[in-house]
Each structure stands twice: as structure tokens, then as C-alpha cells.
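Asks: Below are the sequence and a predicted model for it; my questions follow.
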Amino acid sequence: MPINIDVSSTDYLRFLPETLLTVFGIIVMMVEAALPAASKRTSLGVLSLIGIAAAFAANIAANESSGPAFSNMIMVDGYGTFFRAVVLVVGFLCILASLGYLEREQSQKGEYYALMLFSMVGQCILATSSDLIMVFIGLEISSIATYILAGFLRDDRRNNEAALKYFLLGSFATAFLLYGIAWIYGLIGSTNLIEIRRALDQGTQPGVLAGLAAALMFVGFAFKVSAVPFQMWAPDVYQGAAAPVSAFMSTGPKAAAFAIFFRVFLVSFRPLNARWIWLVWGCALATMIVGNFAALLQTNVKRLLGYSSIAHAGYVLVALTASSQVGVAAAMFYLAAYALMNIGAFAVISHIAQRHEQYVRIEDLAGLGRREPVTAALLAIFVFSLIGIPLTGGFFGKFYIFQAALNSHLIWLTVLGLMNSGIAAYYYLKIIVAIYMQEPGTATAQLPPPSMSLRIAIWASAIGVLFLGIFPGAVLNFANFSAAALR
């Protein structure tokens, strides 16, 4: 069968966000090479922000002409547009938080921003992929850039360790995903998600073998979203990497991985729903339990947020278990809210940690409410949202996810998930206690004022969290409309 290689201008428009990010990434590297050695490199970060803003505008324009591109390798629809937007907002806020951080660490280099942009290219490809080949390409582009970012501060042993662990375990998980893709291609003769669905609907292929291919791919996706039992990398990497990089890794790549996780399993493998749904049920419960109970024992804030990230992956897996349009919309809303509150929390921690991240223990937050009441209040907003307190995005995120689970008659999973949310409140409230109920310590006593870019990142995240908590309808309605694409 001949391959159609006709490419139209519409195809280029639908792929324009990724193209712009790539072009700006290359420009950043070229401009850095032309700058004098002693010049300030913050302008490279500003150039990157301009590139992300242009890609965001292109994403909106591409959604106006939604449809397949490049011989059905890419599908631009409301679902992909939503996750593209999440990825771009995450990248924008993380680069804002990085400007002052890199200046403080004396590591202001153009390749940092270029790697951020290239990682976002991979994540955007993941969000819109409709073919397993594109899934693999997007995953690798995102992952390779993120591996390097995890070890960007080369003189820091913690960065080196984080990058090595992430790379080795990530490569191992990717092998499972690639084997699953090869297996499904061998069975069906296609890597297109719709073609796979059509073949499985017809029942012409052995269900057991297709189920094994789905299981292999599940391993690869579960690693990327840090789901149990493939979560072992997350706490170590989040603790060892630079705080803005940890914020980026825990939000953008995770959102993009969940986007394709849902698309593959709720489109291609929906006919095998009875085979994989209980695997996801058990994985969701185990992920919530391991993440929350391990977080109870942590004294390092970054490590605590690492285990917290695992637990939140469990909540999103509850929505996948629901396997409904409402569940997909709930997961989309939750991932948007989680991105904002997690970036905000890591941004505040990067400020308090000071040079070389000396102060990252919970006790180092002591007295922040007295020294910097505004920063403390913003951190409290993020923590309350992570708990799921009303009037924050985290509350409605959890509410919609558990509502979707109840609608799908997942009573026990809902009950156990709510119990896990109650357990999580304990370790989050330890942060609030340190901020407001303990005497100021060494860290807060000598705290310099945050940079302007960091303030903007923190305030923007806080406003987003409150907006989603007070006016959730606009985002949820778009998510519910977009979730219809996964039927």
C-alpha cells in the first residue's frame, strides 16, 4: 500500500507550536554563541519566554483548524490543544522561576533554556500524537532533554546522581514501551491508534497477545507518570535536581505522559477494557498508598513533594479507571490545577533554599510567616490546594475525579482514595505548622528578597490556583467538550 506523503499548509499550521519552539530553541543557542563571555544571559530566558508565548498563540490558531496532520500521525483536537496549553504554561512559569535561580547559582547558560524548549516540543508532540511512532518520538525528545536538565548543575553531585538515576531507569522503561509498540505492530500491521482500535473491535487478533502488548506499554507510561511500582526514581530525582527543574519534571512531562496514556488506552485499547481496567485499579490504589505513606516520613521538602507527586498520579489514575468522558475531563482539570500548585510550591522552595539549596528541610521553613508574610501566604495557598481545601483548584480537581469514579460504580476505590486524601493532609499541614507556628530559624533569618521573575511566577501560579478553585466552570466545560475526542 503506497504511503501518502502529501503535506499541505494546514498540516504546517497544526504543527506550528512545535515548530516555533524548535526554532526558538535553536535561536537561543545561536545567540548565546554570539554573546560576549561576560554578558548577562538572562536575555536568553526572555527570548525563550517570547518563543513560548508565540507557540501558545499558534496553539490557539491551530485549534481553529483542528484535524489530522502529516498522514494521520498528528491529531489536533480540543484534547491535544488543552494539554499543549498546559505544557506551554508550565514551561513559561518554570523559565520565569529559573531566571533568578540560575543567576544565583552562577549557571546562566543558553542551553538550559534551549533544553526546556526542546523538552516542550516532545511534550506537545505527545499531547497530539495519533500514531505510536509519534508517541515514541515525542517521548524521547522530551525525555532526553529532561535527563540533561536533571543534571544541569554539573558541579553539584546531587544533580549528577539525579540525572544518572533518571536516565538509566528511564531508558529501561522506554524499552518496555518500544517492545509493546513493536508487538502491537506485529499483531495488527499498523501503529495508528484508530487502526488498532478498529482491528481489536473486529476481534481478528488474539486478545491475550494484544493484552500483553498493552501491558508492556503500560509499564512505559506508568514510569513516566511515576505510578507504583515504577515510581522509585521520582523522590531521588526531584530531590537531586535543581528546584525549577523539579517543578518542570513533576508537571509538564507528567501532564503530557498522562495525555497520551489516556489517548492510547481509551482509544486503541478500549476493546480490551475488561483486561486492563483492574490492573489500573490496583495501580491507582497502590500509587496513592505508597506516595502518601512514604511522604509521612520525609523531612526534606523536595523529597516530600516527590512522594506527593506519586500520590497525585494515583488520583489521576482513578480517573483513568473510571474510563468515561467525565473521568477524562476530571483528569484534564486536575492536571492543570496540579501543575499550577506544584510549580508554585517548588518556586517558593527554590527561594527559601538559597544558594546551593542549603535549606530544603521542613524545619527550614520555620518562621516564614513572620519574615515574609506574603510569600508564606502564597505557599499556604499551594499547600491547601495540594490537600484539596475548598476555593482552590485542588479541591475541585479531586471532587470531579472521585465523582467520576462514583459514576462508574468504583465505590471502594473512591472510599480508599478519600481516606488517602485525609492521610495526605497530615504531612502537608506539617509545612503550615513550620511556617506559622515555629520560631524563625537560620534559613528565614537571612532570606534575601525574591527576584522579580520569581515573584511573577509565584503570583501567577497562586492566581491560577484560586481561579480554578473559584471559577472552575470555564476550564471544566472546555475539558468536558474536549474529552469527547477519546471515544
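Replies: Alright, I've got the coordinates. Residues are numbered from 1 along each chain as shown.
Asks: gap between the nearest residue to Ala405 once chain neighbours are set aside and Arg263?
Replies: In this structure, Ala405 finds its nearest non-sequential neighbour in Thr414, 4.5 Å apart by Cβ to Cβ, 6 or more residues apart in numbering. Just so you know, the C-beta spots here come from the backbone N, C-alpha and C atoms, and that holds for glycine as well. Going from Thr414 to Arg263 by Cβ to Cβ, to the nearest Å gives 24 Å.
Asks: Who has more neighbours out of the two?
Replies: Arg263 (24 against 20; other Cβ atoms under 10 Å).
Asks: The nearest residue to the more buried one once chain neighbours are set aside: neighbour count?
Replies: Residue nearest to Arg263 in three dimensions, not counting chain neighbours: Leu486, with 6.2 Å by Cβ to Cβ, 6+ apart. As a burial measure, Leu486 scores 20 neighbours (other Cβ under 10 Å).
Asks: and whatever helix or strand Phe83 lives in, what does it pack onto?
Replies: Assigned by DSSP states H and E, Phe83 belongs to helix 78-104. Applying 3 or more Cβ pairs under 8 Å, 6 or more residues apart in numbering; DSSP states H and E, we find helix 78-104 packed against helix 42-64, helix 110-128, helix 243-249, helix 252-263, helix 325-353, helix 452-470, helix 473-483.
Asks: Dump the helix or strand bottoming out on mean pLDDT in the chain to PDB, restricted to CA.
Replies: Ranked by mean pLDDT, DSSP states H and E, the weakest helix or strand in the chain is helix 442-445, scoring a mean of 70. In PDB, the C-alpha atoms belonging to helix 442-445 read as follows (Å, rounded to 0.1, in the frame of the first residue of the first chain):
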ATOM      1  CA  THR A 442      18.700  30.300  60.300                       C
ATOM      2  CA  ALA A 443      17.200  30.000  56.800                       C
ATOM      3  CA  THR A 444      14.400  32.500  57.100                       C
ATOM      4  CA  ALA A 445      16.600  34.900  59.200                       C
END
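Asks: Please tell me the pLDDT value assigned to Ile3.
Replies: You'll see Ile3 listed with a pLDDT of 51.
Asks: One more: the one 5 residues further on?
Replies: Looking at Ser8, its pLDDT reads 77.
Asks: ok, and the residue nearest to Ala405, which helix or strand is that part of?
Replies: helix 411-437.
Asks: Just give me the longest helix of this structure.
Replies: In the chain, assigned by DSSP state H, the helix with the most residues is helix 157-188.
Asks: buried ones in that helix?
Replies: Across helix 157-188, burial judged by 16 or more other Cβ atoms under 10 Å covers 158-159, 161-163, 165-167, 169-170, 173-174, 176-181, 183-184, 187-188.
Asks: again with stretch 472-483
Replies: Result for stretch 472-483 [16+ other Cβ under 10 Å]: buried residues 472, 475-476, 478-480, 482-483.
Asks: Secondary structure class of Phe230, three-state.
Replies: Phe230 carries the three-state label coil when classified by DSSP: H, G, I helix; E, B strand; the rest coil.
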